[in-house]
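# Got a predicted structure plus its sequence, pasted below:
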Amino acid sequence: VVTGSDDKTVRVWSAATGTCLKVVGEHQGPLSDVILQGGLIMTACFDGKVRVIDVVTGRLLRTVPGHRNAVLTMDARGRIVVTGGNDRDLRVWDLEERAVAPSPQVQVSANRVTVQHGCDTREGGAGAEDCKLGYALSGHNSGIQKVCIVGERIVTGSDDYELRVWDFAKWPKKK
C-alpha cells in the first residue's frame, strides 16, 4: 500500500501488518495523487511535477515537469501516464519515449460535441519544447479534477462541469 499526503511525503506500508516500511520525501509541495504500478510509485504534486520513484529502494528515478500549476490527478497504463491539473491541461507521458503525439479530442457536454487537435500554444502555455516532454491537450475551462484511462480512451472531468473523452486509438503509432 502506498500513500501520499500534505506533508510532502510518500509512505509505503505493509498491507499485512499496517507497518510503515519506507518514507520518501523528495517533494516540494503536498501530494494530490499516488499510483503504484509494478515496481514504480508515481506521484502528482502541487508543485506542478510528477515524480517516478523505485518502490524497493525509494530512489527518485525521474521528475517530470510540465504543468504550470498543481497536478491534481493521474492515471497510468503500462508506460503511459496521463495527468490533469489546475492549469486545465491534460498531459500524456510515455515513460520510455518521453512523449506521446497529441490525439483528436471528442468533447461531450450537454449541448455539443466538438473535436479538437494539437498542443497548447496559448501565451504562456506549453510550447513546442514542453510538448516534446509531454503533450498538453487543452480544452477545459477549469482545473481537471479526474483523469481515467478507459480502454483506448482517456476521460477527463473538470470543475467546468464538462466531461471530455480523448480517443487514444487514433493517436499516431510508433514506427
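Done, it's in. Every value quoted in this text rests on a predicted model; they were computed, and no experiment measured them.

# And the helices in this structure?
Using DSSP state H, the helices of the chain run over 128-133.

# can you tell me which residues contact the residue most central in space within it?
What sits nearest the mean C-alpha location of the chain, by CA atoms, centre = their mean, is residue 83, with 1.6 Å. In this structure, residue 83 makes contact with 44, 50, 66, 67, 71, 73, 74, 90, 91, 93, 134, 147, judged by CB atoms under 8 Å, 6 or more residues apart in numbering. In short, each C-beta sits where N, CA and C put it, glycine included.

# Ok, residue 148 next?
Counted by CB under 8 Å, 6+ apart, residue 148 has contacts 75, 154, 155.

# ok, the nearest residue to the last one once chain neighbours are set aside to residue 34 distance?
Which is residue 155. Once flanking residues are discounted, residue 155 sits nearest to residue 148: 4.9 Å by CB to CB, 6 or more residues apart in numbering. Residue 148 sits at a distance of 15 Å from residue 34 (criterion: CB to CB, to the nearest Å).

# Averaged pLDDT, stretch 94-110. What do you get?
Across stretch 94-110, the average pLDDT comes to 49.

# for stretch 17-34, same thing?
92.

# which residues touch that stretch?
Counting by CB under 8 Å, 6+ apart, 2-14, 41-47, 49, 51, 53, 58, 60, 70-74 sit against stretch 17-34.

# now do 7 Å
With contacts defined as CB atoms under 7 Å, 6 or more residues apart in numbering, stretch 17-34 is touched by 2-6, 8-14, 41, 43-47, 51, 53, 58, 60, 70-74.
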